[in-house]
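[1] mind looking at a prediction? Sequence and model below.
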Amino acid sequence: MAAMTAALRILNEIFGYPAFRGQQAEVIAHVAGGGDALVLMPTGSGKSLCYQIPALLREGMAVVVSPLIALMHDQVAALAELGVRSAFLNSTLSGAEAAAVEARARRGELDLLYVAPERLMMGHCLALLAQCRLALIAIDEAHCVSQWGHDFRPEYLQLAVLNERFPGVPRVALTATADAQTRAEILERLGLGEARVFVSSFDRPNIRYRIVEKDDARRQVLDFIRAEHAGEAGIVYCLSRRKVDEVAAFLSSQGMTALPYHAGMDGEARRRHQERFQREDAVVMVATIAFGMGIDKPDVRFVAHLDLPKSVEGYYQETGRAGRDGLPADAWMAYGLQDVVQLRRMIDESQAGEAHKRIQAAKLDAMLGLCETAECRRVRLLGYFGEASAPCGNCDTCLDPPATFDGTEAAQQLISCVYRTGQRFGALHVIDVLRGEATAKVTSRGHEQLSTFGIGAVRSGREWRAIARQCIALGLLQVDHDAYGALKLTVESRAVLRGERRVSLRAWKEGRRIARSRAPREAMSPDNHSLFERLRAWRADAARSHGVPAYVIFHDATLAEIARTRPASLDALRGISGVGARKLDAYGADIVGLVVRHRAG
């Protein structure tokens, strides 16, 4: 009880939050008491407090294994603003700077030390830690240990040695993304068999999920950003480096501040672009998944995908980078049949073993099912992680419910046409035959003579593409990459042809724009909004003078609350979430003065 009283005092006075959320208190009590833990919490739910507060409660220094340099820098900068003694050891430090950090660690002058897994496993670093009193070891982004996952990093496999080298030191593994298989793998590979597992809800209710049919994706994402997120920060994910460069150039040509990011760029350019994204407002990062972990920017208002992610885990992890501050955000995706063909080809042509290919194919099937569902997106997404839920009312299928129809006849026509063309052609050719299009390719093969030629002429090409995607998602057809993406029949397709199975499909319709969810700033009165913008301008100046990203000073949510309540004294300001003792001392007088001046007009 005394420990939790102290933990709550730290939460209030240092971090500036009035109360713990969800399972935070339970995790902190367990870890502070010396227990091992696996913690699954969605992005933005406060996972870092689950090791930062125990680090301040226990004797000694906490070691935090973190996979990205940018994340270390931001977290150490944020902790410095709070008055917490922290540092990092990574390749950006000179020899003298690293030696100074090591000396502080030996003298017991650090509460938290952030280290990359590669550096941690070096003999020199392990020897350093052996000379220190360790409070705990935190392994962030623990899903990186899973060889079946979307972010596997082989160096994470070596971290099991920490249990042998530092017995008795509690370890806590943390991640936002892990299905049941990945959780089991984390526990096994990190030697956490006795750890207590904490699984919070995977729901991010502030995120609105939307998936549209791909049709000129660059123009679609431009229209989406202009209509709903002009002047706001966001991330656009693409599958290839070339597409990243092309989309970034296109958005830039349309007047946006859009920066590319992928592994083919030199390290300095990547660092510079990531720093601009972190520190400036209204920057759109166009990236491959190389731009992923370590994105600690709370005011990302949208994440857009221009290509289908390889798995639900990857999609969840990437979309979770939006709305970390709890304010409304969008997860928007455009996808098409070619995405499915391309990803299946990548799986088939990879050098992985057959077992790995089967798992990756199953993950892709689950992702395709999420895209093609007529049910609530959130119900389907949470169900993948084993969490039951009710329709959310905040996704495209809830806000604009798709009509369904008995698609048995359409499926039979498509499957029959695939069969009669020899199961050797891709969807576009099969659709041409169905619609009676006498193209050169159709006539050169005599397919205009087939009984299926023209039987689907009443449907548009886009309708047939939607039907084809759904038939693949339902397992009624499969893509054969040995035959360059040809559609082939499955065991299930024969049951449909024989009339033994009915097929319900989503009716295709022109996409309609869904009304944007209103962020708190949009719901403000004009005068409160004016004060909010003055506070943002002050924050930008403070961030520049301190050399940190603006959100390290205060989140937008905190500024919005200040604009709404207008505290006229330090005591009134102290009660606002996100204003701890250190920040009250550092910035309180400036904020109160700004509020008072605004009131005076």
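    Done, it's in.
[2] just checking, residue 388 is part of a helix?
    No - assigned with DSSP: H, G, I helix; E, B strand; the rest coil, residue 388 falls outside any helix and is coil.
[3] and it, how many neighbours?
    As a burial measure, residue 388 scores 7 neighbours (other CB atoms under 10 Å). (C-beta placed from N, C-alpha, C; glycine too.)
[4] and the one 10 residues further on, by the same measure?
    Other residues lying near residue 398 total 18 when counted by other CB under 10 Å.
[5] you'd agree it is in a strand?
    No - per three-state DSSP, residue 398 lies outside any strand segment and is helix.
[6] give the contact list for it.
    If a contact means CB atoms under 8 Å, 6 or more residues apart in numbering, then residue 398 has 376-378, 391-392 as its contacts.
[7] in the helix or strand encompassing residue 276, what counts as buried?
    Element membership of residue 276, judged by DSSP states H and E, is helix 267-279. Under the neighbour-count criterion of 16 or more other CB atoms under 10 Å, helix 267-279 has 270, 273-274, 277-279 buried.
[8] before we move on, what about stretch 231-251?
    Applying a neighbour-count criterion of 16+ other CB under 10 Å, one finds 232-239, 241, 243-245, 247-248, 250-251 buried in stretch 231-251.
[9] for that stretch, give me every contacting residue.
    Stretch 231-251 is contacted by residues 218, 221-222, 225, 258-264, 277, 281-289, 291, 295, 297, 299-309, 318, 321-322, 342 when judged by CB under 8 Å, 6+ apart.
[10] give me the distance from that stretch to the chain's centre.
    Relative to its chain's centre, stretch 231-251 lies at 16 Å (CA atoms, centre = their mean, to the nearest Å).
[11] try stretch 114-121
    Mean-position distance between stretch 114-121 and its chain equals 23 Å (CA atoms, centre = their mean).
[12] could you give the average pLDDT over the helix holding residue 276?
    Across helix 267-279, pLDDT averages out at 89.
[13] low-confidence ranges, the stretch 251-400 of the chain, go.
    292-295 (pLDDT under 70).
[14] just the strands in it please.
    Counting by DSSP state E, counting those that start in this stretch, residue ranges of the strands within the stretch 251-400 of the chain are 257-261, 283-287, 300-305, 329-335.
[15] now tabulate the ones you listed in TSV and tack on mean neighbour count and distance to residue 156.
    Listed next are the strands of the stretch 251-400 of the chain as TSV, based on neighbours: other CB atoms under 10 Å; distance: least, CB to CB, whole Å:
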stretch	mean neighbour count	distance to residue 156
strand 257-261	21	23
strand 283-287	26	22
strand 300-305	25	25
strand 329-335	25	27
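[16] can I get those strands in a markdown table with distance to residue 402?
    Below are those laid out as a markdown table (distance: least, CB to CB, whole Å):
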| stretch | distance to residue 402 |
| --- | --- |
| strand 257-261 | 32 |
| strand 283-287 | 29 |
| strand 300-305 | 19 |
| strand 329-335 | 15 |
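[17] mind checking which of the ones you listed is nearest residue 16?
    Of all the strands of the stretch 251-400 of the chain, it is strand 300-305 that lies closest to residue 16, at 21.6 Å by CB to CB.
[18] who touches that closest one?
    By CB under 8 Å, 6+ apart, the list of residues contacting strand 300-305 from outside reads 221, 224-225, 228-229, 232-237, 315, 318-319, 321-324, 327-335, 519.
[19] do that again at 6 Å, thanks
    Under the criterion CB atoms under 6 Å, 6 or more residues apart in numbering, residues 221, 229, 232-237, 318-319, 321-322, 329-333 lie in contact with strand 300-305.
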